[in-house]
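**Q** A structural model of the following input is requested.
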Amino acid sequence: MVFSYYNRLKPVQKRIYRKSDAIHAVPLPNAADLHHLIPPLVLALKEGDVARTEDLCGKLATGIASGLKAPPVRVKVLAARPSADWGELHGLYVPAEGQAAALITVWMRTAQRRQVVAFRSFVRTLLHEICHHLDYELFMLEESYHTDGFYKRESSLFHQLTVQIEKQNSF
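**A** Residues are numbered from 1 along each chain as shown. Predicted structure coming up:
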């Protein structure tokens, strides 16, 4: 599926878009080794524990990157999402510069009500930003577009990591 902004892209950007769109999954060889991080992450979120959530998200991101042999990525978890007339910012990916590793920032509370974000939404946001990292560092794409393939990769990671919990319907 091609999103509407595709028609406004230059030919070189369309080539990158199509390459991204063709990648539908990210097989995670060490997914089972990361399952143990999910239940404590669910709990840390429910408790609103920013430090513990950040620690677990960092371990999850490190595990994904190392399992895929991608460069490391740092994770910062902040409290309430920033917002403006354009909406709320859920997550942000900043590519590596110089010797500093790439940085993912995710927010765990809604902007208006300051409520803790639901586990599924929070983890999908984290994985969304990890997919940007993988686009640049693993798939060597010059841009990281929101293609149908991009969202399928995000979903593939989510399902591999949460398969145990999904069976139990516990989130």
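**Q** relative to residue 71, how far out is residue 96?
**A** 7 Å (CB to CB, to the nearest Å). (Each C-beta comes from the backbone N, C-alpha and C, glycine too.)
**Q** hey, what's in contact with both of the two?
**A** Counting by CB atoms under 8 Å, 6 or more residues apart in numbering, the shared contacts of residue 96 and residue 71 are 102, 137.
**Q** next, count neighbours for residue 99.
**A** Neighbour count of residue 99, defined by other CB atoms under 10 Å: 5.
**Q** measure it to residue 64 for me?
**A** According to CB to CB, residue 99 stands 22 Å off from residue 64.
**Q** with residue 147 instead?
**A** From residue 147 to residue 64 the distance is 20 Å (CB to CB).
**Q** what about those two, which has more around it?
**A** Taking other CB under 10 Å, residue 147 and residue 64 do not tie; residue 64 has more neighbours (25 against 22).
**Q** residue boundaries of the strands in the protein?
**A** 73-80, 83-84, 87-88, 91-94, 102-109 (DSSP state E).
**Q** just say which of those is most tucked in.
**A** Ranked by mean neighbour count, these are led by strand 102-109 with a mean of 21 (mean count of other CB atoms under 10 Å).
**Q** re earlier: tell me which of the strands of the chain lies nearest to residue 60.
**A** With respect to residue 60, and counting by CB to CB, the nearest of these is strand 73-80 at 8.0 Å.
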